[in-house]
Each structure stands twice: as structure tokens, then as C-alpha cells.
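Colleague: how does the following fold in three dimensions:
(one chain, ligands or ions: 1)
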Amino acid sequence: MKLNVEQRRIVELEPSGPMLVKGVAGSGKTTVAIRRINFLKEHYCHESDDKILMVTYNKTLLNYIRHQYARMADSDAESGLQLFASDAEVDISTIDSLMYKEFMRYQNRLHKKIEIAPPDQMHKMMVQAIHLAKKSYPEIKLLSPKNSKFLLEEEEWMQACAIRELETYQSADRIGRASGDGSTPQKLLKNSKLREAIFEVCMLYKNLLEKENLITYKQMNLLALEEIGRRQTGKYTHILIDESQDLTRVQLEFLKELYKEKEYSSLMFVADNTQSIYTQSWLGKGRPYTTIGYDMSGKSRTLSKNYRTTTEISTAAFHLIEADEHIRSNVDFVKPALIDRHGHPPIYRFFLTSDQQLQFLINEINILKNDYALSEICIVAKGNRYIENVAVGLEQAGIPNTVLQRSEPDFESDNVKLVTMHSIKGLEFKVIFLIDLNSGLIPMEVYADEEDQKTVDSDERKLMYVGMTRANELLYMSSVKKPSKFIKEIDRKHLRMKKDAALRPFQSISMAEYQLTNQLVDLHSKEEVIRQWLIRELKETYGYPLELLELEFPVQQFSKKGYCDIAVLVYSGGQASPYIIAEVKRFGSGTDEALKQLKSYLEADGRAFYGIATDGLELKIIDRNGEEVQDLPKCRAQFLPETKNKQQYLNLKNNRQYEYAVDHDEADQIEVKESGQEVIMQVHEKVRVPLLGNVAAGIPILAAESFEAEIYLPRDWVVSPNETFALTVTGDSMTGAGIEKGDQVIVHQQTTASSGDIVIAVIDQEATMKKYMPMGSNILLMSENLRTNPL
Ligand SMILES: Nc1ncnc2c1ncn2[C@@H]1O[C@H](COP(=O)(O)OP(=O)(O)OP(=O)(O)O)[C@@H](O)[C@H]1O
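Modeller: Alright, predicted model coming up:
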């Protein structure tokens, strides 16, 4: 893999203390960090005590990085694998294991044997602490066993933020934490009796655990920090921290203690705040680096190109995240730059039951098996419970699978992986199924208070974003019973209903927007909303204008007449005849009946080519023989009563004029015919060419991000698509050559020109279109309009 310029620059930056590498999902942050290890090792590790530490978030990630390098076939693999071999200079470790080791040191020093408290004990101790504290604070309503979950989380948050004193808690901005669990009417005001009481509960809780020789993870982290502080021994000359947006304050301070400052040492934070998914994250919640003692001004680098996912998946994922003002306004928010890697838009399905969802997974995986190894497929859900259920179902259907456990994840064996959204951070798979994106589950609807719920929404939105951005090629999303509100926020134009069909998922249409109402008898029928959605799809996705659509189209079946719900009529030789017919049923009522009707209509009429049956959930497309096909054809220019979207192309080289019809943006064909001729040349490939602006607008920059629009051309007409762009003509200096104001000219970017070529020349920062005429050592730029003079 060849790093891009910015990535290489970061890898080879001269170390100068703390620095921040931020970037969008899949922009190569981890890749860069790993490559930098070798660079640092070679150039900035010359003293005998120099060592490098790379910190990963969890064990799944650590093993995953190892697995990625083992798979790579080029020199990266060797350099990567060397890192994982036992190496005196480089340690790669998870933050948890580093802190646990320090905690063990603490125990050994004091000859203590402390155990991590199991959840039921934690709950029991908290309830005891609440009762004890209630004696001193009888008026504080929050001190009730029913709020034990909230108080346990509050205690954890305090520990994670290194809040040890009442005064600190009284004045703390509880960033990332909501005020209560809905049952607590009051906000946790600063310097209040309420905070004092909560602090007291937390102290009592800690003491109760201590008496039993128990400790929580977060308390253990704090002890580890204190222990390492006692030793005061910086160990590593260079530290690289992956996923640093999700570390707690205590974890960050612990790593600071491990850092050995030297003239050439470095501390690299690798972060993407958009992927910060834990309440206790310190920096990911937007706190400045100064809160941990570092000034990052002028020390941050940004990676914005997403290499992992296709443009279609990134666009949908970004659409989700962009809807949250809170996330967008974060100082470290990075807007992704899309690379030109196109693929299938995300597929979204809605199911009435979990069984239907499972059946869909089984069917789809059985089809995907032809193109993908099972190990390239991963199913992701919010909670373990949902994953376990699917794992059992897949097993019964004969699809081998593994639930990726935190401890020993196995990426090698050829089976489908199942993992929670939290644990998939940093990983990637070719195919991702994000399941159970259900209302109430993501985001969790826990707070009555709107502001509190917004805090939860932001975190959960990021979680779903993390899930979506794990897919290399294909992303499936599904909901059961009621879709998550996040799904509704993603514009339907970014989603599809089936893998190989252009149809977008069902979306309810308000009655005010119903089309073809003059042909309707009952606006209120339950089928109508499905029909209206399909009408919209036929129009917007497949390009069939409403004039071609007829509702309740009669089909003569022997002696009786049937009426199909929609017929798409197309023109041939001035005559309209049905091309596609559709049967719709009530939402979720199944398609069997509709399919049966369709087949009989297709047989009886004999003219239509395609049939479509849907209930908004299921979709079946068949051909006139009743065989299932993947998709419907899009509307083509010759289907229309008079040709639409016709464009004229003048080839200035051979002075021939052509006509071509672009049916639709997503059509993969362009039909071309020479003007005045009847013969159509089929051109099977089309290319997109960016329209960069107008000729007079200055120097055209051929950068993917900056174009106004795209125009489509037959591939054969373009020498090299990557070096071709279009400009709109603004003046009339070339009218003599047939180029009029308002025309679009197709330009090939090249460094040389031949005499007589029409060129876009840039003179004094201004672009102009002229005829190129070299005259000895001078160049004459000629207009082709008698009224203008040569330059
Ligand atoms: N310059 C590049 N050319 C091609 N592929 C690249 C390049 N840089 C990174 N990649 C690939 O992009 C994918 C994402 O890289 P990586 O995991 O390092 O990104 P990341 O920024 O750490 O992602 P995330 O934050 O989402 O975990 C990997 O498959 C990696 O191999």
C-alpha cells in the first residue's frame, strides 16, 4: 500500500513532543501510527534506554492489527510483523493491560489481594451505600435504590475523571453525563447539597467494596495511576495512542507518566472525535488538550480521505453524523473528502419480526457466499443479547459463525463474525450487517429531559456511525418492529432496498404528496401508500415520467377483466403499450398473492416485459416468463413519446455532429447517433466528466471536490477520463469554430498542443479559449471571431 503525501508526512515528522493526528473513519490513522513506529525506531531510538509504546484500545483491536499485517502481501507485512515479534525496543499493548500490570505492582507492594467486583456485588454495595447515606441526607430524593444504576454510573464517571475531592466534584462540568434517569427531576447543580450527597454515597460505596477486598475497573485504574506516580519513572521515549478519543482522563494521565521526555521524544495522539462512543471519554467529548497539560496549537495534522469505504457508504454515514449540530461543532470535527471508489449504496430493510430478520440474514449470506469468504462478513448489533440470538439461528441454518470475544478474537477461521457496535471500533470487514437498528434501542430512549436525551443521542449516533464505517464494500442495515429515528434521518436517496436493485426503501408518503390522484378512487386505502411510494420510485429512481404511468390498468383475462395497480406504458412506433406492471399489497402483508396475480396478468396481456410485486417490505421483480430478476430497467429515451434529454455533440476534430441521449444519471448506457442518421450506435460504457465552471472563471483545477456538476460522455470519446473536464463557454470569441456562448466544451488536460488546436490557455491567472498558433518563438492565440483580435 502506498501512503498518500499527508500520511507519509506524518509518518516521517520529526518528533517534537505531543502531537495530534485526527481524521475521519478509515483515513489510515492506525496505518500511519504503525508505519511511524518503524520510522521512529530507525531514526529516533539511538540511546540504549529508548523505547517505543503503541497503545491500542482493546485486545480485539490489537489482534486485529496483527491479523491485518499477516494478511498483507507487500513489504508492509514484513515491517508490521516485525513489530509484533518480541522486540526490546517496541511494546504494543492495550491500555487495560498496561494499567492492570501497574495495579498488580500496587498489590505486590502492599501484599494485598484485591479482586474485581462482579456486577451483582457492585449493585448490592451501592444499595447499602444509598441506605447509609440516606441517614445523613434524608431530604435528598435521589438517594433511593431505584437510582442505583445512575449512581453506579456517576461513581464510575467520577473515578474515570480522577475526581477525588468533594470540591472538585462540586465544580465539575459533567460533560458526557446526563442529569438523571428521568426519575430525578432536579439537575445536578454545581455546589449543591445534592452533589454533596452523591459524593458521600460514592465514598461509602468505595469503602464497602474495600472491606470485601473488591474494586471496580475504574477504581483500579485510579490506583494504577497513583502507583505509577509513586515510581516516577518515565519509560518510553515515544508513545503512540490509537483511538485516544475514547480514553478516560485517568488513562491519559497514566500514559503521560509513562512518557519519557527527551529532546527527540514524541507523544502522538491518534483520534477521531466523531467516533468517541463512551460517556467517560475525556478528549472525545470536546475537552481541550490543555486539560491534560498539552498545547496542541500548530501540532495537529488531519487526514480526511476515507480509504476504507465506498463513496456511497461514506456519504450515507456522514449524512447521519452531520445531522447532529453538537458533533459538527466540535473543534476536532473533520469533514471527509470522498475518494473516487464507487460501490453499492447501503441496503436498508425493515422487518416485522426478529425471525424475518434472521431469515433475511441467512438468505443473504448464502447468496454472498458465492462472492465473499464467510470470514469477510460481520454482523454487528448494539447489544450482546441480539448477537447471541442471531449466532444460534445461523448455526441452526448451517452457517458457521464466531462471536468475537474481547479476550481471544479469532479473525483467521472462515466463519461469519458477530460483534457488538462498541467492540467493532477500529476493525473493518468487506460486508457488514448492522442489525436491530430499532426504535428505543438505538438511540436508547432513557431521559424525559430533552437536553439529557440529546447527550445520549449524540453518543449513540456516533456508535452507529462507527458501525456503518466498518464496511469495505457492502453495508446492510435492518430494523425490527420500529426503525430507529436515525434511519429516518438518512436521506432515502442514499439507501437501497435490495442488493442488486436500484429501488430505495419504503418510505411513507403524505397524502398531500400523492401523485396521479385524478386516477384514484380511494385515497385512504391501505394499499395506496405503498402504490404511491412505488410511483415515486418509478419516477425518481427509474426515470419513468408520470405521463407514462397508468393506475388500475385493465388486463383482459379471457372473459373477465382484471386491473393491475400500476402499468408503465412505453412508446414504440408512436404506440403505447404496457412495459412494466405492478401489484401492491398492504404494508407487511406479504407478496405471494400479488405475485400470483402478476403472473396471470403477464400471461394474459402478453405485452408487458416486467412485473413487480411489493408490500413495502418485500420486493419481487419478475420477467414475462415469471422468472425472478434482480432489477427493473431504467427509462430510456426511446420509450418516451418524443425524445427527451437529447444533447448535441460537435466533434471539432472531424466536424461531425452527434446526438446522444442520457436517460438518467444512473443509466449505464448512452445511446449515440450521428445527426441526420437513423442508425444508433450503442455505447456501453459511460464516463463522468466534472464540469469545473466557466472558461472565464480562472484557472480550472481538476480536483474531485470542486466541480459544479458532472456530465456524462461515451467512454470512447474521452482520451483519459481522469484528465478530462468540461467548462461552460461564456464569451463569443470562438463562434467561428462553432462554439457558442453557453455551450459546454470538453477539455483534455495536457502539457503540449499542436498548431491549430483549440486550447484553454492561462494568461496572467486568467483562462481563455483560443486557437493555438506557434509562430517561431512566439505563440499566437487566435480567436475565431472576426470581431476579436489575436492575443
Ligand atoms: N494510502 C492508502 N492507500 C490505500 N489504502 C489505504 C491507505 N491508507 C489506509 N488505507 C486502508 O484504509 C483502511 C483504513 O485504514 P486504518 O484502519 O488505518 O484507518 P483509521 O483511520 O485508523 O480508521 P478508523 O478510525 O475508522 O478505525 C485500511 O484497510 C487501510 O489498509
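Colleague: check which residues of the top strand by length along the chain are buried.
Modeller: Looking across the chain with DSSP state E, the single longest strand is strand 560-572. By neighbour count with 16 or more other Cβ atoms under 10 Å, strand 560-572 contains the buried residues 564-570. (C-beta placed from N, C-alpha, C; glycine too.)
Colleague: same deal with stretch 370-383?
Modeller: Buried, per 16+ other Cβ under 10 Å, within stretch 370-383: 372, 374-382.
Colleague: same question for stretch 262-282.
Modeller: So for stretch 262-282, counting by 16+ other Cβ under 10 Å, buried means 262, 264-282.
Colleague: surely P714 meets Y660?
Modeller: Yes. The pair P714 / Y660 is scored as a contact, 6.9 Å apart, by Cβ atoms under 8 Å.
Colleague: what's the closest of the buried residues of stretch 370-383 to I163?
Modeller: Nearest to I163 among the buried residues of stretch 370-383 is K382, at 29.0 Å by Cβ to Cβ.
Colleague: what values do phi and psi take at that closest one?
Modeller: Per-residue torsions, K382: phi -70, psi -50 (degrees, to the nearest 10).
Colleague: what's it in contact with, if anything?
Modeller: 420-421, 436, 441-442, 463 (Cβ atoms under 8 Å, 6 or more residues apart in numbering).
Colleague: tell me, how many residues neighbour the nearest residue to E102 once chain neighbours are set aside?
Modeller: Nearest non-adjacent residue to E102, counting by Cβ to Cβ, 6 or more residues apart in numbering: A224, 3.9 Å away. Neighbour count of A224, defined by other Cβ atoms under 10 Å: 24.
Colleague: thought A224 was touching D96?
Modeller: No. Checked against Cβ under 8 Å, the pair A224 and D96 is beyond contact range at 10.0 Å.
Colleague: before we move on, what SS does the residue of the stretch 501-650 of the chain found nearest the ligand have?
Modeller: Of all residues in the stretch 501-650 of the chain, P505 sits closest to the ligand, at 25.6 Å by Cβ to the nearest ligand atom. Look at P505: counting by DSSP: H, G, I helix; E, B strand; the rest coil, its state is coil.
Colleague: show the pLDDT at the nearest residue to R492 once chain neighbours are set aside.
Modeller: Closest residue in space to R492, ignoring its immediate chain neighbours: R504 at 4.6 Å, by Cβ to Cβ, 6+ apart. At R504, the model reports a pLDDT of 95.
Colleague: still on that earlier bit, from T291, how far out is the residue nearest to E102?
Modeller: According to Cβ to Cβ, to the nearest Å, A224 and T291 sit 20 Å apart.
Colleague: same question for L53.
Modeller: 22 Å.
Colleague: so who does the closest residue to the ligand within the stretch 351-500 of the chain touch?
Modeller: Closest residue of the stretch 351-500 of the chain to the ligand, Cβ to the nearest ligand atom: G426 (4.2 Å). Shown in contact with G426 (Cβ under 8 Å, 6+ apart): 30, 56-57, 60-61, 64, 242-243.
Colleague: and it, what pLDDT?
Modeller: 85.
Colleague: could you look up the SS state of K770?
Modeller: strand.
Colleague: quick check: it vs R492, distance?
Modeller: Distance from K770 to R492, by Cβ to Cβ: 47 Å.
Colleague: quick one, which of those two is more surrounded?
Modeller: Legend: neighbour count by other Cβ under 10 Å for K770 and R492, higher for K770 (22 against 19).
Colleague: for that one, name its beta-bridge partners.
Modeller: Legend: beta-bridge partners of K770 under DSSP bridges are V759.
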